[in-house]
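Enquirer: How does the following fold in three dimensions:
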Amino acid sequence: MGTYTIHDDKYVDLQIQEKIDEIVNFIIKNVPQVDSLILTGGFGKGEGSTVITDGIVRPLRDFDFIIVSSKKISHDHIRNVKGLLDQNWQCDSYKYNKEFSIDISTTSLDNINIFPDIMTYDLKNSKVVYGEDIRNKIRWNAKDVPLRSGARLLFQKSTALIGVLSSNYLSDGVPESLKKTFMREVSKVYIEIGSVLCILIGQYDSHCSTRAKIINNMYETSFPELFAQIPTLSDKISKATRHKLNPSLSVYGDYDPVSYWFETRDDLGEVMKYFFRIYCGFPFDDWLNFSQNIKRCHSRKYFSPLIKNYLEYNNFPRPDPLVTILNALFNINENLEYMRSISREPYLKYNLSKLFSVSAPAIRLYSICPLLLFSIDRDGSFDENYLDKAIESTHFTYIQSKPIHNKWEMARLMTLEMLQKISTW
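Expert: Below is the predicted model:
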């Protein structure tokens, strides 16, 4: 194992280290309030995805930096720093490919210790690249990672599947120039399915290689129902993990990318049904009801534990009676923030009737994803009922004056537009 990848090669580490040092120096120069700077994501855990060609190391995924500061740093300031960073290196070899980017976010040690999550737990197992090493001050353990983290992962991978599949691919195939990227993005769904299963049994690990081993050893005995439906799921997780760690390996051979997309979607659907029966307690009948149940469940359960943790951490007496009220107010505030974010775009318009909804935009977006995923079939046909409901649900924000090829593409583009705006808060 190397420092940043699985490649035990000092020259590989050196090339990556040089780039990281440049970026760290830039961040420190432009964000003076940094107490600690942590490299997380794959590279921060020694599992970064790279392709090595003629001795040149080309990272395929992000460098993810977390700034830990005792002073509040505005999101606008971080957005400006990232913009400057992109401009500063736009002609440099740091722009390895279209997939690669640098992500910067900011938090405080108090916030880390208030909110148990995959992201806050993973910081314990990431690399401190500047300042104080605060990892031993993080109080969370693997068993503290909540089910809500698993719910978020499932829907992040749902949006990833929606993002990579154009309906044109059903008839024309995936363009040759995009096949490697397409297969990488789809295979990562299985990696996060492994994360979700580990969360369910309280054995989440920050390293995808370890998670794959856990699932390989426990899949049949810990998940007999899923094993009966998808007996090869642990093998698929292992194969996707090997592909992430060493993308140069041809583990998928002559797989047809579109067929692989549908196979992955169907497996993700079975895992979603299983997970939400445990998390929210409702059985599956069809994707329309599943979508509505997801929205109701998340509106009630997704933010409430965080609000309660915040009140308890700050020694607020008798927090329970306030949680429901504050949860509703938080969802409404998320709508206000979303309205503010899209007001900058002339071709987006917000439906004001949704302004005081107690379902935040992200929750409504996630509830749409299963409808979109399962409204399309391999033969190019569409389920009109699912599509109509997805479009109706998406219409609290809609795109004006954009050419649309078909109804599925319309819903897909609207969903991705929403996702981009939600992700930029």
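
Enquirer: these two touch, right, residue 163 and residue 416?
Expert: Yes - applying Cβ atoms under 8 Å as the test, residue 163 and residue 416 come out as touching, 5.8 Å apart. For the C-beta atoms, the positions are set from N, CA and C on the backbone; glycine is no exception.

Enquirer: and the strand or helix carrying residue 149, what's its mean pLDDT?
Expert: Residue 149 belongs to helix 147-164 when elements are defined using DSSP states H and E. The pLDDT scores in helix 147-164 average 94.

Enquirer: which other helices and strands contact that helix?
Expert: helix 179-200, helix 257-279, helix 361-373, helix 407-423 (3 or more Cβ pairs under 8 Å, 6 or more residues apart in numbering; DSSP states H and E).

Enquirer: and those, which is most packed in?
Expert: Comparing these by mean neighbour count (mean count of other Cβ atoms under 10 Å), helix 361-373 ranks first with a mean of 25.

Enquirer: Please work out which residues outside the next helix or strand after that one touch it.
Expert: Note on helix 361-373: by DSSP H and E, the next helix or strand toward the C-terminus is helix 384-394. Residues outside helix 384-394 that contact it (Cβ atoms under 8 Å, 6 or more residues apart in numbering) are 287-288, 291, 364, 367-368, 371-372, 374-375, 407-408, 410-411, 414-415, 418.

Enquirer: one more time with 10 Å
Expert: Here helix 384-394 makes contact (Cβ atoms under 10 Å, 6 or more residues apart in numbering) with 286-288, 291-292, 295, 364-365, 367-376, 383, 398, 406-408, 410-415, 417-418.

Enquirer: can you check stretch 9-17 too?
Expert: For stretch 9-17, the surrounding residues in contact (Cβ under 10 Å, 6+ apart) are 2-7, 43, 46, 48, 50, 52, 55-59, 63, 93, 129.

Enquirer: Mind giving me the PyMOL select for those residues, buried ones only?
Expert: Here is the PyMOL selection string for the buried members of these, based on 16 or more other Cβ atoms under 10 Å:
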select buried, resi 2+3+4+5+6+7+43+46+48+50+52+57+59+63+129
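
Enquirer: surely residue 359 meets residue 330?
Expert: No - between residue 359 and residue 330 there is no contact under Cβ atoms under 10 Å: 11.2 Å.

Enquirer: any residues in contact with both of those two?
Expert: Joint contacts of residue 359 and residue 330 (Cβ under 10 Å, 6+ apart) are residue 302.

Enquirer: What are the buried residues along the helix or strand containing residue 79?
Expert: Assessed by DSSP H and E, residue 79 sits inside helix 75-88. Neighbour-count burial for helix 75-88 flags 78, 81, 82, 85 (criterion: 16+ other Cβ under 10 Å).

Enquirer: quick one, what contacts the second one?
Expert: Just to be clear, that refers to residue 81. Counting by Cβ under 10 Å, 6+ apart, residue 81 touches 26, 27, 29, 30, 31, 67, 73, 104, 106.

Enquirer: Under the pLDDT cut-off, which ranges of the stretch 301-425 of the chain? List them.
Expert: Applying pLDDT under 70 to the stretch 301-425 of the chain flags the ranges 341-358, 394-405, 423-425.

Enquirer: nearest to residue 149, of the buried residues of helix 75-88?
Expert: For the buried residues of helix 75-88, the minimum distance to residue 149 (Cβ to Cβ) is 22.9 Å, reached by residue 78.

Enquirer: Turn the helices and strands packed on helix 147-164 into CSV, including distance to residue 321.
Expert: Converted to CSV, the helices and strands packed on helix 147-164 look like this (distance: least, Cβ to Cβ, whole Å):
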stretch, distance to residue 321
helix 179-200, 29
helix 257-279, 24
helix 361-373, 23
helix 407-423, 30
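
Enquirer: which one of the ones you listed lies closest to residue 221?
Expert: Among those, helix 179-200 comes nearest to residue 221, with 12.3 Å by Cβ to Cβ.

Enquirer: mind showing which ranges of the stretch 151-300 of the chain have poor pLDDT?
Expert: 249.

Enquirer: In strands, which of the contacts of stretch 9-17 fall?
Expert: Judged by DSSP state E, strands contain the following of the contacts of stretch 9-17: 50, 52, 56, 57, 58, 59, 63, 129.

Enquirer: just those residues now: which is nearest residue 303?
Expert: Closest approach between these and residue 303, by Cβ to Cβ: residue 63, at 29.3 Å.

Enquirer: Read off the pLDDT value for the closest one.
Expert: We have a pLDDT of 90 for residue 63.

Enquirer: what residues are up against it?
Expert: Applying Cβ under 10 Å, 6+ apart to residue 63 gives the contacts 4, 16, 19-20, 23-24, 39-44, 48, 94, 100-104, 129.

Enquirer: So what pairs up with it in the strands?
Expert: residue 102 (DSSP bridges).

Enquirer: Next: the one 4 residues further on.
Expert: Taking DSSP bridges, one finds residue 37, residue 106 as the beta-bridge partners of residue 67.

Enquirer: my guess is it contacts residue 74, does it?
Expert: No - applying Cβ under 10 Å as the test, residue 67 and residue 74 come out as separate, 11.9 Å apart.

Enquirer: Report the set of residues contacting both of those two.
Expert: Common neighbours of residue 67 and residue 74, counting by Cβ under 10 Å, 6+ apart, are residue 106.

Enquirer: Of the two, give the one with the bigger neighbour count.
Expert: Between residue 67 and residue 74, counted using other Cβ atoms under 10 Å, the more crowded position is residue 67 (23 against 9).
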